[in-house]
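Asks: Using only what follows, build the 3D model:
(2 chains, ligands or ions: 2)
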Amino acid sequence: MNADIMLKISGLRAGINGEEILRGIDLEVRAGEVHAIMGPNGSGKSTLAHILSGRPGYEVMAGEVLFQGKDLLALEPEERACEGIFLGFQYPVEIPGVNNNYFLKAALNAIRKYRGEEELDAFDLLKIMKEKAALVELDPSLLNRAVNEGFSGGEKKRNEIFQMAVLDPKLAILDETDSGLDIDALRIVAEGINRLRRSDNAMILITHYQRLLDYIQPDYVHVLSGGRIIKSGDSSLALALEEQGYAWLDTAPGSSAKGS
Amino acid sequence: MKSSQTVAPGDLFGADLARAHDELSAPSWLTALRRAGEARFRASGLPTTAQEEWRYTSLAAIAKGGFRWSGGTGAGRDLSSVAASALPALEAGSMRLVFVDGAYAADLSTLGPESGAGVWVGSLAAALAESPPWLEQHLGRYAAPDHSALVGLNTAFADDGALLHLPPGTRLSGPLHILFVAAGACVAAHPRVLICAGERSAATVVEEYRSAAGASTHYNNAVVEMSLGTAAEITHVRLVAENEGGCHTAMVQVRQGADSRYNCHQVTTGGALVRVDTRVELAAPGAECVLRGLYALRGTMHADHHTFVDHASPECHSDERFKGVVDDAAHAVFNGRVLVRPDAQQTVATQQNPNVLLSPDACVDTKPELEIYADDVKCEHGATIGQMDPLALFYLQSRGLDQAAARTMLIRGFAAEIIDGIGVPGLGQRLHDELFGSAPQPSVVAASSGMERS
Ligand SMILES: Nc1ncnc2c1ncn2[C@@H]1O[C@H](COP(=O)(O)OP(=O)(O)OP(=O)(O)O)[C@@H](O)[C@H]1O
Ligand SMILES: [Mg+2]
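Replies: Ligands and ions are numbered 1, 2, ... in the order given. Have a look, this model is predicted:
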């Protein structure tokens, strides 16, 4: 096996309630790479992201996913997080009564503990929170609110990137992090993401728009349609899609189904 | 009858009632009150599930428990099992009245400088010795002996308890902690609390029920009566944390004067069988009550909270929110009745009862009852029963928290709204610690709603 490959998805077929949504996905992501996944509404992009991060309720019908050589699909969601997977949710979840700051500190220490690292004390945690909040220009008052509760759409997305910055994952899967952001916020979030890019981590950006890719140049662009990757290319593919839409591609049946 | 299964109404506690006749001395007005209470109890015995109000809550455990009254306040108590240092406390310097198996324990109590300066704080037994004029006027007036069988039973043994009398314009500088400790074996105690808040007076009272280490089964049958004068403000925290063998019934009866404010926070976390009735009478215009509750039940606990808010006057507000977290095979009952009488125009009343079930065997029966006879009113209510939100759980796990930690965090978040809202320094943290272990969580800035998703 190629040691450079961080994530290897082979022949993944998966769905929900017996209905197949992903119809055979193959994808390899190496350290240092940024992959963009585009595709029509309802094509299975979020489903793929959720399956990779372990959301319960999906059935895997065939195929396998290796993450750093480990069978990813056999791990609990928290084990995947501890191994270095991070999902930036398309729709971040509101959690009443749970302090944002407290939650994230607990998560960070849980991950450190899993990795055999020493848990951080209150002082170091505070330092990291402050530093990362500044990186994504997150309003510090959001730290003492309940997780995502009453956050504006843009604040929720920024909070996702803030969490990513704090947890420092190996593979970040960002599901439409750019939607709902105003022009300034998009730039700030994109710059934040760029600053988190390193040769030893990787990202999968799920997006509908070229504008995010103006800031973050992807190494590969994939088009997911009808549960299959129907085309892959370099960053010029995204530009072509922007101009011509998906119609010029040979889209699979069902790919025009509208998502929410 | 030889059967241990049935106790004829007249027999239950009969020997103790007879003993009370012999052993309790009192001014004649109190003796009359006790006799009236005894008659009320003997007339019907314990309530049964045949009564609509008691449909979901059987008191068989009390009928069959063999609980015995441990005698009047003069009977003496073995306090050896009760270590002062092990008792829960509020902030240093707080006034604390401690009762062990119903009788005032002066050695375990701390009285502040307030007592004597017009404000009267202390035990009923001490008040009876002094016999201030307000005592006869108020005791047994709001929760009258014939109010119900259980109030009758409590009154029949009325001998000790906690008293707070606030003359007009006075306020307690800090919270008053009233702690009822169960220490003996199979003891029945009848705690009584009387709070008379004069015009513009204010106080915070924390009424708490605990079992001493090693205490076995016991029964507390409490009565709390309270009157709030014009523009008085009382914050009443009521913590029921009996041990696994503890049975607890209580009647909280509050009468509110004009523009008064009653803030009630009830937290029920322990006891085999708990039934709390809270009845608030908004008796004059402009009165406002805020009722907050949390019941966190596990094992085979059964807790039943009945509330009755009586809008008897115009322009009164009531705002009620009881939250439930029910685990294992526990059973929670909530019944919230709101009555808006015909001339109670411009009433604003809200009532909410969100519940979270944590196990397939856990059970909640919830019932709002709104009776509205006025037309210019704003009333809303809602009760929900849900499971823990799987998406919220996944969100937390996807950040690295294991399932147990994520669950605890969600439950804690759900309960935080009530616990953090209590506002007595240090108490919220103590309750968090007791319920969820010692990791502290700063409270969130925005008030939260519910954990369940509909
Ligand atoms: N829990 C579910 N139950 C039934 N169908 C589902 C469920 N989750 C997803 N689907 C279906 O699977 C398909 C793929 O959904 P998914 O959310 O992955 O699309 P997407 O590519 O992320 O779309 P969008 O661009 O709108 O976010 C859709 O047709 C959707 O309705
Ligand atoms: Mg999606």
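
Asks: What pLDDT is listed against the residue in the stretch 1-150 of chain B that ligand 2 sits nearest to?
Replies: The minimum distance from the stretch 1-150 of chain B to ligand 2, using CB to the ion, falls at residue B:56 (44.9 Å). For every residue, glycine as well, the C-beta is placed using N, CA and C. Residue B:56 carries a pLDDT value of 97.

Asks: and chain A, which residues reach ligand 1?
Replies: For chain A, the residues in contact with ligand 1 (CB under 6 Å from any ligand atom) are A:16, A:21, A:39, A:41-47, A:90, A:257, A:259.

Asks: rerun at 8 Å
Replies: With the criterion set to CB under 8 Å from any ligand atom, chain A comes near ligand 1 through A:15-17, A:19, A:21, A:39-50, A:57, A:90, A:175-176, A:206, A:208, A:224, A:227, A:254, A:257-260.

Asks: what's the spacing between the residue of the stretch 101-250 of chain B at minimum distance from chain A and ligand 2?
Replies: The stretch 101-250 of chain B approaches chain A most closely through residue B:237 (19.3 Å), counting by CB to the nearest CB. For residue B:237, the distance to ligand 2 equals 47 Å [CB to the ion, to the nearest Å].

Asks: Can you give me the neighbour number for that residue?
Replies: The number of residues packed around residue B:237, counting by other CB atoms under 10 Å in any protein chain shown, is 24.

Asks: Please, which helix or strand holds it?
Replies: Using DSSP states H and E, residue B:237 sits within strand B:233-241.

Asks: Parallel or antiparallel, which strands does whatever helix or strand comes next after that strand pair with?
Replies: As assigned by DSSP H and E, the chain's next helix or strand after strand B:233-241 is strand B:246-256. According to DSSP bridges, strand B:246-256 forms sheet pairs with strand B:218-228 (parallel), strand B:273-282 (parallel).

Asks: Please work out which of these is packed deepest.
Replies: Across the strands paired with strand B:246-256, averaging neighbours per residue (mean count of other CB atoms under 10 Å in any protein chain shown) puts strand B:218-228 on top, at a mean of 26.

Asks: Alpha carbons of that one, as CSV, please.
Replies: Presented in CSV, the C-alpha positions along strand B:218-228 are these (Å, rounded to 0.1, in the frame of the first residue of the first chain):
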residue,chain,number,x,y,z
HIS,B,218,-38.2,7.0,55.7
TYR,B,219,-41.1,9.2,54.9
ASN,B,220,-41.3,13.0,54.9
ASN,B,221,-44.7,14.5,54.6
ALA,B,222,-44.1,18.3,54.3
VAL,B,223,-46.3,21.3,54.2
VAL,B,224,-45.0,24.7,53.2
GLU,B,225,-47.3,27.6,53.5
MET,B,226,-46.5,31.1,52.5
SER,B,227,-48.1,34.5,52.2
LEU,B,228,-46.6,37.4,50.3
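
Asks: To what extent is the residue in the stretch 251-400 of chain B that ligand 2 sits nearest to buried, counted in neighbours?
Replies: Residue of the stretch 251-400 of chain B nearest ligand 2, by CB to the ion: residue B:391 (14.3 Å). Neighbourhood size, residue B:391 [other CB under 10 Å]: 15.
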